[in-house]
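Asks: Here's my sequence, what's the structure:
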Amino acid sequence: MVELTRKIKRAVQLISNTEERRTYFGQRAAVRRPLASAWIEVSALCNLDCITCPRQGNITPDSLKLMPIEDYYKVADAVYPYIRDINLIGLGESLMHPQIDKIISYAKSKFVGVNMTSNGTIMTEKIAHKLIHSGLDSIAFSIDGGTKETFEAIRVNARFEKVKRNINRLRKVKKDLGVERPWVALGLVLMKTNVHELSDVVRLCHELGVPTLNAENVFTWTEEMERDLPLYNGMTPEQEASIEEAKQVAQELNINLELPGFVMKEPGVCSYQPHKHFVVTWEGDLRPCCNLYHPYHYVFQGQKKFAHEATQGNLLREDFETIWNKAEYVEFRKANETGVNLPEVCQDCLFSRGL
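Replies: Residues are numbered from 1 along each chain as shown. Okay, the predicted model is just below:
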């Protein structure tokens, strides 16, 4: 009887309040959308020069700019009816887009969850307020070291203490406003040059009140990178001990430490799952996965190679279903879902190698 009364009261609320009714049915429809998410590159500009990024040198030949807000609205209208979430990430820093709050709030008005990755260098109090009021659901800050020396050697032009202050600033604004979102996580590109500080980064999570640390392996663009950085090329006992210590510290501090695999397997099913996800460049090009965001030079098992442009269509000129149903794209997704007949660039990718 109590449950029936509650349902009747809820029905009356929906009948009498137009906005609440729109939200209720919009959210119910959104969870039934067929695809999980899209990564959208609203900014390909960045204020850093990280050693792990394909922006460095001549790794990618693509031009890199901001997505015009008018183009964003066109992309959003094309893809939001099909996806449940977006991640604002690409080869740039999304917070450099001057209309980032409009970008987020428009997605939220379409009942799309909004997540973001940031380098944490420009998180002012004004931007923190913008992110909260626009409805951002989560943000992951990139922290590639547990000390100033290591962090700044990898994330060139960033300042360790400033980034920590900026993360704390967002935390304080959330507390002052009495809100839980955006949820915050830290991200780490784990390599031979920083694995000895993995425990320090776990402790930093605890210090900053961040519950999750996601560690990923490094992609290699040059012979030097492949020789010196990846842990999946073999670890010393000291490096293995650093990982075990970090696991123990994470358990003690109740930090969710997410680690990648470290043993390279034969090519198989892609962990990015291109049959559920896709990416959109700042120019509106739809490409099939995050590792094919832009064409780039890379090195795999000592061989220099080139990942060619993988545009399936442009959302400023073609509708989403036309692009999604192109025969070549369908074949690509099937190959990555089954691990059979993978293109060479996918065979070389960490996501198909259990890494």
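Asks: tell me, how many neighbours does the residue lying closest to Gly113 once chain neighbours are set aside end up with?
Replies: Nearest residue to Gly113, sequence neighbours excluded (CB to CB, 6 or more residues apart in numbering): Asp85, at 3.9 Å. To be clear about C-beta, it is placed using only N, CA and C from the backbone, and glycine gets the same treatment. Counted with other CB atoms under 10 Å, residues neighbouring Asp85 total 19.
Asks: Bridged to Asp85, which residues?
Replies: Applying DSSP bridges to Asp85 gives these bridge partners: Ser37, Gly113.
Asks: same check, this time on Asn214
Replies: Beta-bridge partners of Asn214, as defined by DSSP bridges: Gly187, Glu258.
Asks: and the gap between it and Ile323?
Replies: 30 Å (CB to CB, to the nearest Å).
Asks: Pick out whichever of these two has more residues nearby.
Replies: Using other CB under 10 Å, the more surrounded residue of Asn214 and Ile323 is Ile323, with 20 against 16.
Asks: The more buried one against Leu286, yeah?
Replies: Yes. In this structure Ile323 lies within contact range of Leu286 using CB atoms under 8 Å: 5.4 Å.
Asks: Common neighbours of those two, please.
Replies: Counting by CB atoms under 8 Å, 6 or more residues apart in numbering, the shared contacts of Ile323 and Leu286 are Gln312, Gly313, Leu315.
Asks: By neighbour count, which of those residues wins?
Replies: Neighbour counts for these (other CB under 10 Å) peak at Leu315, which has 23 neighbours.
Asks: And that residue, what's its pLDDT?
Replies: Listed pLDDT for Leu315 reads 98.
Asks: For it, list the residues it contacts.
Replies: Leu315 makes contacts with Lys74, Val75, Ala78, Val79, Val280, Gly284, Asp285, Leu286, Ile323, as judged by CB under 8 Å, 6+ apart.
Asks: Show me just the buried residues among these.
Replies: Val75, Ala78, Val79, Val280, Gly284, Asp285, Leu286, Ile323 (16 or more other CB atoms under 10 Å).
Asks: Put together JSON lines for those residues, with distance to Gly146, pLDDT and secondary structure on each row.
Replies: Converted to JSON lines, these look like this (distance: CB to CB, whole Å; pLDDT from 0 to 100; DSSP: H, G, I helix; E, B strand; the rest coil):
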{"residue": "Val75", "distance to Gly146": "37", "pLDDT": "98", "secondary structure": "helix"}
{"residue": "Ala78", "distance to Gly146": "42", "pLDDT": "98", "secondary structure": "helix"}
{"residue": "Val79", "distance to Gly146": "38", "pLDDT": "98", "secondary structure": "helix"}
{"residue": "Val280", "distance to Gly146": "34", "pLDDT": "98", "secondary structure": "strand"}
{"residue": "Gly284", "distance to Gly146": "39", "pLDDT": "98", "secondary structure": "coil"}
{"residue": "Asp285", "distance to Gly146": "37", "pLDDT": "98", "secondary structure": "strand"}
{"residue": "Leu286", "distance to Gly146": "38", "pLDDT": "98", "secondary structure": "strand"}
{"residue": "Ile323", "distance to Gly146": "43", "pLDDT": "98", "secondary structure": "helix"}
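Asks: so where do the helices sit in the protein?
Replies: For the chain, helices defined by DSSP state H occupy the ranges 2-16, 18-30, 69-79, 100-109, 125-134, 148-154, 160-177, 198-208, 223-228, 237-253, 320-324, 327-338, 344-347.
Asks: which stretches of the chain aren't confidently modelled?
Replies: 1-30 (pLDDT under 70).
Asks: hmm, back to that, just name the most buried of the helices of the chain.
Replies: Highest mean neighbour count of these: helix 198-208, a mean of 21 (counted as mean count of other CB atoms under 10 Å).
Asks: Strands of the stretch 251-355 of the chain, residue ranges please.
Replies: Using DSSP state E, counting those that start in this stretch, the strands found in the stretch 251-355 of the chain span residues 256-258, 277-280, 285-287, 296-300, 303-307, 313-314.
Asks: Give me whichever of these is most buried.
Replies: strand 277-280 (a mean of 24).
Asks: Okay, now the sheet partners of it, with direction.
Replies: Paired with strand 277-280 in the same sheet, following DSSP bridges, are strand 35-40 (parallel), strand 285-287 (antiparallel).
Asks: who are the neighbours in contact with Asn256?
Replies: Applying CB under 8 Å, 6+ apart, the residues near Asn256 are Pro211, Thr212, Leu213, Ala250.
Asks: Check the gap between the last one and Glu149 for me.
Replies: Per CB to CB, Ala250 is found 23 Å from Glu149.
Asks: Repeat that for the third one.
Replies: According to CB to CB, Leu213 stands 20 Å off from Glu149.
Asks: do the first one as well
Replies: Note on Pro211: its distance to Glu149, by CB to CB, is 26 Å.
Asks: Check the gap between the nearest residue to Val173 once chain neighbours are set aside and Tyr272 for me.
Replies: Excluding the flanking residues, the one nearest Val173 by CB to CB, 6+ apart is Ala128, at 4.2 Å. Using CB to CB, Ala128 is found at 30 Å from Tyr272.
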